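K.L.:
Provide a 3D model corresponding to the input given below.
(one chain, ligands or ions: 1)
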Amino acid sequence: MKEKKAVDAILLLADGTQWKGKSLGCTGTNSGELCFNTGMTGYQEIFTDPSYYGQIVITTVSHVGNYGVLNQEVESKQVQIKGLVCKEFSDFFSRRSAEGSLQEYFEKAGVVGICEIDTRELVRHIRNKGAMNAIISSDILDVEVLKEKLAATPSMDGLELASQVSTRDEYIMKPDKVEFKVAILDLGVKRNIIHNLVSRGCECKVFPYDTSFDEMEAWGPDGYFISNGPGDPAATTQAVESVNRILDRDKPLFGICMGHQVLAQANGIATYKMHNGHRGLNHPVKNLITGKCEVTSQNHGFAVDGEAVKNNDQVEVTHINLNDGTIEGIRIKGKKAFSVQYHPESSPGPHDSNYLFDNFIQLLKNA
Ligand SMILES: NC(=O)CC[C@H](N)C(=O)O
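P.N.:
Residues are numbered from 1 along each chain as shown. Okay, here's the model as predicted:
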């Protein structure tokens, strides 16, 4: 395998701090919101998750690239991140089934990365100061020029991004034996979510982010799924409108991540930008209905306002984060609608949260 020569690279944060390292992926300059993921594995799933669209990801796991890439381990058709920051980046991969190197994969996708960074120090920095924009460059080393480019990078606050990742055309995914029809509102849906529904007998029709309720309803679905997705949930106004109509008609509804935030908004609950978000594979969540803890996979930088939920008698909290009390799940009283802030399909461990998909199927059966 040919090895690309790493050159000097720089990471500049919006607070002015500079971090020096070596290039990886494309030689160039990219900017975006800087956030960290604490998962020990699953880098390709992270890089292709549309909810990370436009972001620069720091991995706390120190070795990245060492198991290469495999076409089936993707959450969408393309790489969604703008940049990667890590400690050790490897061109070489030692998994026999791998189809290529992460380096080549990033070169094709235009990802500009930086390695040999002290990611423990950098993550502590972000933890203390909060998420912020940053720029990585391996071709412009003049900090003044980078500062200007960084200043022109939009803030995640208020940013509408579903339109950038949603499907343009409707499409259908279905099992051999169809039991239910589910309309998916695609705000940046992950492949695994569709798979979870199809494997439970759902014919899924995936609709673009701005599809109206009437257009989806014309297909005659038994229920609705509101997907995950990038950007500020407060900017996804069309989705909130569609969810309102779904609630009016009391159709079964399940939302994940962005879908959770949209369901909250449709009930008058605001969302806010978190200090640095939850991104990793082992976030502890308490299920308030069963009293059990779940180990969950998360990726969100916004959350629903806990105080507003307390004062809203239509909305019942079903799941809370055990670390910081964030609302991680709700259901709507008297309706067939519920949502969670995390990604149940990939939760490992004894408290498998696939039951959430089963709960949705139950709602479809009873409707
Ligand atoms: N995974 C998601 O759907 C993320 C939702 C939203 N973009 C957030 O950052 O909170």
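K.L.:
What residue spans form the domains of the chain?
P.N.:
The chain breaks down into these domains under automatic domain parsing: 8-151, 162-366.
K.L.:
and the last one with the ligand, contact?
P.N.:
When you say that, I think you mean domain 162-366. Yes. Contact of domain 162-366 with the ligand is found when judged by Cβ under 6 Å from any ligand atom, involving 228, 229, 230, 231, 233, 257, 258, 299, 300, 301, 302. No exception for glycine: its C-beta is placed from N, CA and C like everyone else's.
K.L.:
rewinding a little: as a markdown table, the domains of the chain with mean neighbour count and mean pLDDT would be great.
P.N.:
Shown next, in a markdown table, are the domains of the chain (neighbours: other Cβ atoms under 10 Å; pLDDT from 0 to 100):
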| stretch | mean neighbour count | mean pLDDT |
| --- | --- | --- |
| domain 8-151 | 19 | 97 |
| domain 162-366 | 20 | 95 |
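K.L.:
Now for whichever residue of the stretch 51-200 of the chain sits closest to the ligand: which residues touch it?
P.N.:
With Cβ to the nearest ligand atom, the shortest gap between the stretch 51-200 of the chain and the ligand falls at residue 51, namely 3.3 Å. Residues in contact with residue 51, defined by Cβ atoms under 8 Å, 6 or more residues apart in numbering, are 80, 188, 190, 228, 229, 230, 257, 258, 299, 300.
K.L.:
would you list those residues in JSON lines and tack on secondary structure?
P.N.:
Listed next are these as JSON lines, based on DSSP: H, G, I helix; E, B strand; the rest coil:
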{"residue": "80", "secondary structure": "coil"}
{"residue": "188", "secondary structure": "coil"}
{"residue": "190", "secondary structure": "coil"}
{"residue": "228", "secondary structure": "coil"}
{"residue": "229", "secondary structure": "coil"}
{"residue": "230", "secondary structure": "coil"}
{"residue": "257", "secondary structure": "coil"}
{"residue": "258", "secondary structure": "helix"}
{"residue": "299", "secondary structure": "strand"}
{"residue": "300", "secondary structure": "strand"}
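K.L.:
Would you list the phi and psi of the residue in the stretch 251-367 of the chain that the ligand sits nearest to?
P.N.:
In the stretch 251-367 of the chain, the residue found nearest to the ligand is residue 257; the distance is 2.8 Å by Cβ to the nearest ligand atom. The phi/psi pair for residue 257 (degrees, to the nearest 10) reads phi 60, psi -110.
K.L.:
For it, list the residues it contacts.
P.N.:
51, 227, 228, 229, 299, 300, 340, 341, 342, 343.
K.L.:
ok, and the closest non-adjacent residue to the second one?
P.N.:
This points to residue 227. Excluding its sequence neighbours, the residue lying closest to residue 227 (Cβ to Cβ, 6 or more residues apart in numbering) is residue 189, at 3.8 Å.
K.L.:
Helix, strand or coil: sort out that neighbour for me.
P.N.:
In three-state terms, and counting by three-state DSSP, residue 189 is coil.
K.L.:
Pretty sure it sits against residue 230.
P.N.:
No. Residue 189 lies out of contact with residue 230 (Cβ atoms under 8 Å); the separation is 11.4 Å.
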